[in-house]
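[1] here is my input, please return the structure:
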Amino acid sequence: MPDKKTIRDVDVSGKKVLLRVDFNVPFKPGTVEISNTNRITSSLPTIRYLLDHGAAIIICSHLGRPKGKAVKSLTLGPIGEKLSQFLDVPVGFCPSIDFCEIDLFTRDLKSGQVVLLENLRFHVGEEENEAGFSLLLSGLADIYVNDAFGAAHRAHASTQGVTRYLPSVAGLLLEEEIRSLRHVMLDPPRPFTAVLGGAKISDKINVVKRLDSMADTVLIGGGMAATFLKAQGFNVGLSLVEENFLLEAETLVSNRDTRISGLMLPSDVVVSKSFHSDVEHRICEVSDIKYDEMLLDIGPQTVKKYVNVLEKSASVFWNGPMGVFEWEQYSLGTKLVAEAISAGGRASVIGGGSTVEAISKFGVEGRMTHISTGGGASLEFLEGKNLPGIESLTDFDNPECI
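    Just a heads-up that it's a prediction; the model follows:
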């Protein structure tokens, strides 16, 4: 992927900047209280840079999946209030999705002023990447800046379509995301360990394959471990198994026998007969999972084995929890892995999504080297896929002056 121009490579003074961020933040159930503000705080360096260099900023983002309809519970209003607190400057909020009203709201925006638009996905044209919607967005500004790594793998109007009509560069967060993930792919400090968990192997099979050839060790946990274990011939009871991926899992497992370390699977697990937070559970060897039980966390012997590998690692990439960490009795695997990764000053890249929620819950967020704001985007980047939101930005060696 060619290097992309960033906000440092353009003159934003006196210009209106359309800034695409990823404010798809979680809220505490039934409230407008944001439970994790990492995606907001991650955008602050770019916003402050633009303010310091005399830009007027029109910020846009999506939130949730309203499917082209205005959904009251998915308004960006509360996010605008939180952003204003972080910046310590007023942030205007435009609640309308009518572009005549949006244009009036932003027309007289002056240098140093900030406006947040309503949820982009209230418009059908956003996810459909409609040319007309892209053109309306582009008409609001002079320059487009993409700082939404979490949405960079989507070819939507605000991530790709708008770049057809405006000079388009990367923000500081997007630049840092690319740099950190490239470092993992090309030159990680050794030994390099990848930790992959989460519910489904289908979400990560290509990343497992890629990292299996790049990392010194790949540690597998979470629900996806069940498919690998079944591929080895173990009974995994009621655990989710993606049958279509058994052959690929079996190939990966068999390949580990030809490597010095390679891919490692749980040897013991925490299981229960029901997917609830307050039911009986037990620890057992993977060879002793009953037909009416399901895997909900890695077991203590597996934790000890994984931690031992992590303590010897110079760098780690982690995406996906080791179990259902939201429930106390299934959180120990994720907690101890998180603590091991964060200790010892090793380089650590956290691949977004629920992994960020986990490290926040266990209080180790501040000890990680880089926390990605994009779960799916980081995985696709590591797979080697072209991300539309990055590919459509101006290449650094492009002779055309912006």
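[2] give the buried residues for stretch 98-116.
    102, 105, 106, 109, 111, 113, 114, 115, 116 (16 or more other CB atoms under 10 Å). C-beta coordinates here come from the backbone N, C-alpha and C atoms, glycine included.
[3] for these, name the two members farthest from one another.
    Across these, the two members that end up farthest from each other (CB to CB) are 102 and 111, 19.6 Å apart.
[4] ok, back up a step: let's have the buried residues of stretch 98-116 in CSV, adding secondary structure.
    CSV is the format used below for those (DSSP: H, G, I helix; E, B strand; the rest coil):
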residue, secondary structure
102, helix
105, helix
106, helix
109, coil
111, coil
113, coil
114, strand
115, strand
116, strand
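[5] per-residue pLDDT of the residue lying closest to residue 350 once chain neighbours are set aside, please?
    Take residue 350 and drop its neighbours on the chain: the residue closest to it by CB to CB, 6 or more residues apart in numbering is residue 371, 4.6 Å away. According to the predicted model, the pLDDT of residue 371 comes to 93.
[6] surely residue 371 touches residue 357?
    No. Taking CB atoms under 8 Å as the definition, residue 371 is not a contact partner of residue 357, at 11.0 Å.
[7] more neighbours: the two, which one.
    A count of neighbours by other CB atoms under 10 Å puts residue 371 above the other of residue 371 and residue 357, at 21 against 17.
[8] can you tell me which residues contact the more buried one?
    38, 42, 350, 352, 356, 359, 365 (CB atoms under 8 Å, 6 or more residues apart in numbering).
[9] where's the dip in pLDDT among those residues?
    residue 352 (77).
[10] what's the local residue count around it?
    The tally of other residues near residue 352 (other CB under 10 Å) stands at 24.
[11] do the one 3 residues further on as well
    Taking other CB under 10 Å as the criterion, the count of residues near residue 355 is 26.
[12] what is the subsequent helix or strand relative to the helix or strand hosting it?
    Mapping residue 355 onto the secondary structure by DSSP states H and E places it in helix 354-361. Per DSSP H and E, the first helix or strand lying C-terminal to helix 354-361 is strand 370-371.
[13] pass me the low-pLDDT residue ranges in the stretch 251-400 of the chain, would you?
    Screening the stretch 251-400 of the chain residue by residue with the criterion pLDDT under 70, one finds the ranges 256-261, 398-400.
[14] and the strands in it?
    Assigned by DSSP state E, counting those that start in this stretch, the stretch 251-400 of the chain shows strands spanning 262-264, 268-272, 281-285, 294-298, 315-319, 347-350, 370-371.
[15] which of those strands sits closest to residue 162?
    Put simply, out of the strands of the stretch 251-400 of the chain the one that sits nearest residue 162 is strand 370-371, at 26.8 Å, with distance taken as CB to CB.
[16] any chance you could map the strands in the stretch 51-200 of the chain?
    Read by DSSP E, counting those that start in this stretch, the stretch 51-200 of the chain holds these strands, from start to end of the chain: 56-60, 91-94, 114-117, 143-146, 168-170, 192-196.
[17] give me the helices and strands touching the first one, please.
    Packing contacts for strand 56-60, counted by 3 or more CB pairs under 8 Å, 6 or more residues apart in numbering; DSSP states H and E, involve strand 16-20, helix 44-52, strand 114-117.
[18] how about residues contacting the shortest one?
    Going back to what we said before, that points to strand 114-117. Contacts made with strand 114-117 from outside it, assessed by CB under 8 Å, 6+ apart, are listed as 47, 51, 56-61, 76, 79-80, 83, 87, 89-94, 102, 105-106, 109.
[19] if you set the cut-off to 7 Å instead, what comes out?
    57-60, 76, 80, 83, 89, 91-94, 102, 105-106, 109 (CB atoms under 7 Å, 6 or more residues apart in numbering).
[20] partners of that strand, with directions?
    Within its sheet, and counting by DSSP bridges, strand 114-117 is paired with strand 56-60 (parallel), strand 91-94 (parallel).
[21] longest helix in the protein, please.
    Secondary structure of the chain read by DSSP state H shows that its longest helix is helix 172-186.
[22] picking that back up, make a markdown table out of the strands of the stretch 51-200 of the chain and add mean pLDDT.
    Supplementary listing: these in a markdown table, determined by pLDDT from 0 to 100:
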| stretch | mean pLDDT |
| --- | --- |
| strand 56-60 | 98 |
| strand 91-94 | 98 |
| strand 114-117 | 98 |
| strand 143-146 | 98 |
| strand 168-170 | 98 |
| strand 192-196 | 97 |
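[23] would you list these in JSON lines and tack on distance to residue 339?
    Compiled in JSON lines, those are given as follows (distance: least, CB to CB, whole Å):
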{"stretch": "strand 56-60", "distance to residue 339": "35"}
{"stretch": "strand 91-94", "distance to residue 339": "36"}
{"stretch": "strand 114-117", "distance to residue 339": "36"}
{"stretch": "strand 143-146", "distance to residue 339": "34"}
{"stretch": "strand 168-170", "distance to residue 339": "33"}
{"stretch": "strand 192-196", "distance to residue 339": "13"}
